[in-house]
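Colleague: Please find the sequence and the predicted model below.
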Amino acid sequence: MIYVPLIIIGAGPAGLLSAISAGRVLRGKAGSILVLDANSEAGAKLLLSGSGQCNFTNNAPDLQFLTNCKEFANYLKPAYYEFNNLALLNFVEEAGCPVFIRQDGKVFPKTMKAGDLRDTLLAQAAKLHIDFSYNSRVTGISKRGDSGFVLHLESGKTIGCAKLIIATGGASYPQTGSDGRALNLLKSLGHHPIHFRAHLTNLIITDYARFSHCAGVSLQAVKVKFKQKQSSFVATGDLLFTHTGLSGPVIMDNCHKLASGDTVSLCLVAQPEILFTKLRENSGKQKLLKALKVTSIPESLLIAMFSRAGIPLETPVGNLGRDTQSRICDMLSELNFHIASVGGINAAMASAGGIPFTEIRIKSMESRLCPGLYFAGEILDYALPTGGYN
């Protein structure tokens, strides 16, 4: 049986950076680190990210970056302060891959080619004499006596190691090898992983036919209330109407919390009663559609809204009855959509679920349940916003 001091499962961004970091500690000692991957090359999912353009981080300052991580900030803080987004940006540039920073803070390789970032990481690994074994799917992991592990490969081979890093990713883009199978392997080592679910994806909406004509319409900084069966929460951000439902950052960032039957409520006008008082005073003879242009709500969305509610947009504002005006105000302050389903894991850009932070030592990423076992990347149960945070 082959024996290696450190094995890393997964040659994606987390696995490659883990290998480089360990290689620096071991001063590039040959034969010390082996990276296994089920694919025929490294970074299969990385090559697809951002439609191949690879938005690999965001240059937001420290406090803002962590604030944007929301409920996961405290868990990720120790790792972040060891090697933050700006350190990653500098590392990539110094390694020979110039970067491009967009006005919104998203960071890309200057060439806008994911392959250039992947090749830069591989070149750094080569300098540190890190070994790679592709087409090497791990089908079993067992403990090796009192310390270390034995990995069983699909080929029938076994490999031993003293320490093991799991960087197999989540379950999105399963064709790249991140198919969630690693969770079953980790159960055998005492962990209690959370089932993977879609993150950074869209919502399919019930009874959406009238709104399908709004595909492409976007709303900026809209306040959205997400109503679940037993609770609710509010978020603000940009929203996009699609042919089948809702998308955009405010939807994608929160979809992992949602399920079929939940409700998405859009606040298009904060105080519609005050708006209508002014409209009656100043625009009483105007037709409703023209009068509501002061709200900046796109016309196609207004038509879809009022069509669903059965309210004629040709009605002069001054002719609206109290009940009709009340219905309109309710609709402007809470435009409700019912979720038929959350976009599937196969179409999601990321996934939530994996190993709970409660089962690892935050400062070292080592398992609390299995000494010598470590985790990196999306195998951990976090779900960060779109824009270069994951």
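Modeller: Noted; the coordinates are in hand.
Colleague: Give me the three-state assignment for the closest residue in space to residue 193 that isn't next to it in sequence.
Modeller: The shortest distance from residue 193 to any non-neighbouring residue, by Cβ to Cβ, 6 or more residues apart in numbering, is to residue 183 (4.1 Å). Quick note: C-beta positions are derived from backbone N, CA and C, even for glycine. Each residue gets one of three states, and residue 183 gets helix by DSSP: H, G, I helix; E, B strand; the rest coil.
Colleague: Provide the backbone phi and psi angles at residue 379.
Modeller: Note on residue 379: backbone dihedrals following degrees, to the nearest 10 are phi -70, psi -20.
Colleague: what separates it from residue 313, distance-wise?
Modeller: 51 Å (Cβ to Cβ, to the nearest Å).
Colleague: for residue 307, same thing?
Modeller: Distance of residue 307 to residue 313, computed by Cβ to Cβ: 8 Å.
Colleague: And the strands in the stretch 51-200 of the chain?
Modeller: Using DSSP state E, counting those that start in this stretch, the strands of the stretch 51-200 of the chain run over 57-58, 99-101, 106-109, 131-133, 138-143, 149-153, 158-166, 194-199.
Colleague: picking up where we left off before, with neighbour numbers in mind, choose between residue 379 and residue 313.
Modeller: More crowded of residue 379 and residue 313, by other Cβ atoms under 10 Å: residue 379, with 28 against 16.
Colleague: So for the more buried one, what's the nearest residue that isn't a sequence neighbour?
Modeller: Using Cβ to Cβ, 6+ apart and skipping residues adjacent in sequence, the residue nearest residue 379 is residue 354, 4.9 Å away.
Colleague: I figured that neighbour hits residue 380, correct?
Modeller: Yes. Judged on Cβ atoms under 8 Å, residue 354 makes contact with residue 380 at a distance of 5.3 Å.
Colleague: Those two: which is more packed in?
Modeller: residue 354 (28 against 24).
Colleague: what's the host helix or strand of the more buried one packed up against?
Modeller: Assessed by DSSP states H and E, residue 354 sits inside strand 350-354. On a contact count with 3 or more Cβ pairs under 8 Å, 6 or more residues apart in numbering; DSSP states H and E, strand 350-354 meets strand 194-199.
Colleague: Centre of the chain to the following helix or strand past the strand it packs on, how far?
Modeller: Where DSSP H and E defines the elements, the next helix or strand beyond strand 194-199 is strand 203-205. Distance, stretch centre to chain centre, for strand 203-205: 17 Å (Cα atoms, centre = their mean, to the nearest Å).
Colleague: Equivalent analysis for stretch 345-352, please.
Modeller: Distance of stretch 345-352 from the chain centroid (Cα atoms, centre = their mean) equals 8 Å.
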